[in-house]
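Colleague: Build me a model from this:
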Amino acid sequence: MDHSSSSLPSEEKPKILASDIIPDCNNTETGGKDLLPQEKITLIKSTLQEGRLEEVVSLINKMIEDMDNAVLNIALTGESGAGKSTFINAFRGVGHEDEHAASTGVVETTTNVTCYEHPELPNVKLWDLPGIGTLNFKPENYLEKVNFSRYDFFLIISSSRFRINDVKLAQKIREMRKKFYFVRTKVDIDLHNERRAKPRTFKEENVLQMIKTNCLQHLQKIGIEELKVFLISSFELESYDFPKLKDDLAKELPEHKRHVFFLSLPNISEDIIEQKKASIQERIWLEALKAGAWAAIPLVGVFKEEDIAQLKYHLINYQRKFGVDDASLLKTSQASNKPLEEVKALIKSPHLFTVKTDESIGERLLRYAELFFSVNGGLLAPGLYYRKTYCAHLHFLETVANDAKILLSKLWETSFGIMEVFGIAISGKDLQNLASNFMPYYKMVTNTNGDLLPEDTITWIQSALQEGRLAEVASRIRETLEASENVPLNIAVTGESGSGKSAFINGLRGIGHEEKDSASTGVVETTMKATPYEHPKYPNVKLWDLPGIGTPDFHPDNYLHQVQFNQYDFFIILSASRFTTNHVKLVQEIRKRKKKFYFVRTMVDIDLYNERKSKPKSFSKERVLQRMRDYCLQNLHVEGVSEAQVFLVSNFDLSDYDFPKLEETLLKDLPAHKRHTYALALSVPSEAAIERKKAALRERIWLEAFKNGLVATVPSGGFFINNLDTLDKHLKHYRNVFGVDDASLLQVAQKLERPVEEIKATMKSLDLVALIKEESAMGKLLKLAEGISSAKGFVMGAGFHFGKTYFIHWHFLDVVAEDGKSLLRKVLDGPF
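Modeller: Coordinates of the predicted model:
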């Protein structure tokens, strides 16, 4: 039978409270972690035994006030580039791209003393001090400049070994009787490099010990003994020595500051979550003790409205402390690419105030209190009314802490520890592998000359991956892909009148001379002004038919001005015989303006025909072509143009002679972001051109997959049931690129004078249904993705959601490209 406090003699109540205080306040089952100072507990106990309840309440109020108002100032310093700002962001649980993040980068970014408040606890301030040893901050007056006295302790950070400046600073701090701690950062990078250099003998424990020993020996040599060095990675705070550093800091802080210190820690491990919970439990216990000192209300009764309002307030507060409030859950949902309701379904605290139809909120709260009481035992003396409220508090706290652990284990261990990359958890250690493997895998799937990413971008991506800035990498890749879709390419085609400029342009665009938008051709001069011709499938690609040089209206000194020289990416200079003074004058003007130019000798098929007809016995195609090439080069040398290439082509068969070499040269000389556009725009009917298009698209698909993988957290099971429409859209795009879309097949059928159904009969990529008709869509695509992944040994593996989508795209690309080659063979073997 329960007893109320009113049933106890007034002189007995303080004795009961005093006898229960010691087991309760530091009982691990009710949250005690020795956070409360023992002398304060002893004082409260003796005051209770003497019956001085008002003094007890006053003591407790002072302790709670000290805990709530405690200000914690943490200074981080060290040489420039040591990673101070990165550590500050990690400690605060803030991403490097967030609004209030400390600036990070490869150059010195901290030039003033900068304060960064904790996002949830404004009394906790981390101070990013300028790097010691820079020109503006000498060790002699460093502490004075950074306002030394305000800080509770100093973290002296180095990413290699501690230098004389660090030691000088430590000596000054010691003289002023402040605490300091040596922190060696970026050990994950050191481990990665060692693993890569010595794969056979690598052992993580040995490398870490070697780093620590080296730091300590160096410090001892320059006069610092009996200290610790903590090895950490700012991208994996839960690993290495951060737990030890955290415990040492807490142990040496004043008692009233430990509470706020624990609450400020990011939720990166179950240990930290437990310490946060214990710290809050201590405060709950003090509130309970204060209320119990005065309470004389019977146990029987229900929660009042003000009790319920207070509990709701505290629940929201607990949720914010542990990162499971609505705003945090929304961020988690967005970052993990999971629906918000799916995230909420994993945890319990959002539903604590959801009641059944036959139960009031008060009744549910009573049930929570009774549940906690039955599991954990009495919080204070039996029979006290307030135990219901505080058992409910503790139940809420327990639920919220467990929620934080669930999110930690089921989604990730914060963006600074374990991250969801490629659909699986990847630790910060693996970021180094990701960075080092990026280039090899990128080169493995791209064409040598078709790269979308310039070298400086690749270098930046590798660096950003090493630092764990995955969102930045994804954003950079997205921007590159978007830019590649809209990049303009302007090709100028010029030469003497009658050299076949217009016919060459039509051939490049893959259209006939009689088609609607073809460039005009004829036996008389037809191009009187610079005329742009858009590519039929890529309107950003324009080929400009410039007026012929050598005509009465041509004047080399103002020709380039007349044709608006600056808008062209490069010039193709055509001649149907030899290159003359007019060509050379034009080249000299182009060269002055530092543009690329290429000499193209056209109509070689006609020359070969004439030579074969006139000299049938001695005719040799190779000798005739070489003679033409030598003749052109000699003329150019005479005119003063040396080290020039001449490409021999036929406007009626661009796949033959030197045009493939011209294509390769153009691709090599173009800026990286324009190669992709040019490769896709090639309309020349050859298997080499098809392979270049395939490589360009494969590169784009890989980058899309890599970008998506950096933020992907979608499980591999049951994927793309709703993506069939998207896949069909991409399949049609690939068919259009390779000229096996419905319109192109109809044109081929008309040229070959065959029924279009006969042409289509051999095509395998006509639509998505035809491609997967042998098996169910799900079964075949899953099997296909896994098969390709296994066969190619690809970086992304068969188990990743986006990887499977990637392999489906790759398979589509293979099938469509093969259809393009098959159609090409039909055309080449046809009657026209």
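
Colleague: Quick check: Ile44 vs Leu648, distance?
Modeller: Noted for Ile44: a distance of 100 Å to Leu648, by CB to CB, to the nearest Å. Every C-beta, even on glycine, is put in place using the N, C-alpha and C of the backbone.

Colleague: And Ser279, by the same measure?
Modeller: 81 Å.

Colleague: And His561, by the same measure?
Modeller: 31 Å.

Colleague: Give me the more crowded residue out of these two.
Modeller: Legend: neighbour count by other CB atoms under 10 Å for His561 and Leu648, higher for Leu648 (25 against 11).

Colleague: wait, what's in contact with that one?
Modeller: Contacts for Leu648 (CB atoms under 8 Å, 6 or more residues apart in numbering) come out as 600-601, 604, 625, 628-629, 657-658.

Colleague: That one and Pro660: what is the separation?
Modeller: Taking CB to CB, one finds Leu648 at 11 Å from Pro660.

Colleague: Strands of the chain, residue ranges please.
Modeller: 72-78, 114-117, 124-128, 153-158, 179-184, 229-231, 419-421, 424-426, 489-495, 531-534, 541-545, 570-575, 596-601, 646-648 (DSSP state E).

Colleague: Need the ones you listed in TSV (columns: distance to Thr480).
Modeller: Shown next, in TSV, are those (distance: least, CB to CB, whole Å):
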stretch	distance to Thr480
strand 72-78	35
strand 114-117	32
strand 124-128	32
strand 153-158	34
strand 179-184	36
strand 229-231	36
strand 419-421	19
strand 424-426	23
strand 489-495	16
strand 531-534	24
strand 541-545	18
strand 570-575	22
strand 596-601	23
strand 646-648	31
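
Colleague: okay, these in JSON lines with mean pLDDT and distance to Leu397 next?
Modeller: Shown next, in JSON lines, are those (pLDDT from 0 to 100; distance: least, CB to CB, whole Å):
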{"stretch": "strand 72-78", "mean pLDDT": "86", "distance to Leu397": "22"}
{"stretch": "strand 114-117", "mean pLDDT": "86", "distance to Leu397": "25"}
{"stretch": "strand 124-128", "mean pLDDT": "87", "distance to Leu397": "20"}
{"stretch": "strand 153-158", "mean pLDDT": "86", "distance to Leu397": "29"}
{"stretch": "strand 179-184", "mean pLDDT": "86", "distance to Leu397": "30"}
{"stretch": "strand 229-231", "mean pLDDT": "89", "distance to Leu397": "30"}
{"stretch": "strand 419-421", "mean pLDDT": "34", "distance to Leu397": "28"}
{"stretch": "strand 424-426", "mean pLDDT": "37", "distance to Leu397": "27"}
{"stretch": "strand 489-495", "mean pLDDT": "87", "distance to Leu397": "63"}
{"stretch": "strand 531-534", "mean pLDDT": "86", "distance to Leu397": "67"}
{"stretch": "strand 541-545", "mean pLDDT": "87", "distance to Leu397": "64"}
{"stretch": "strand 570-575", "mean pLDDT": "88", "distance to Leu397": "69"}
{"stretch": "strand 596-601", "mean pLDDT": "88", "distance to Leu397": "70"}
{"stretch": "strand 646-648", "mean pLDDT": "90", "distance to Leu397": "77"}
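
Colleague: Quick one: neighbours of Lys592, just the number.
Modeller: Neighbours around Lys592, by other CB under 10 Å: 9.

Colleague: Tell me the predicted confidence for it.
Modeller: As predicted, Lys592 sits at a pLDDT of 83.
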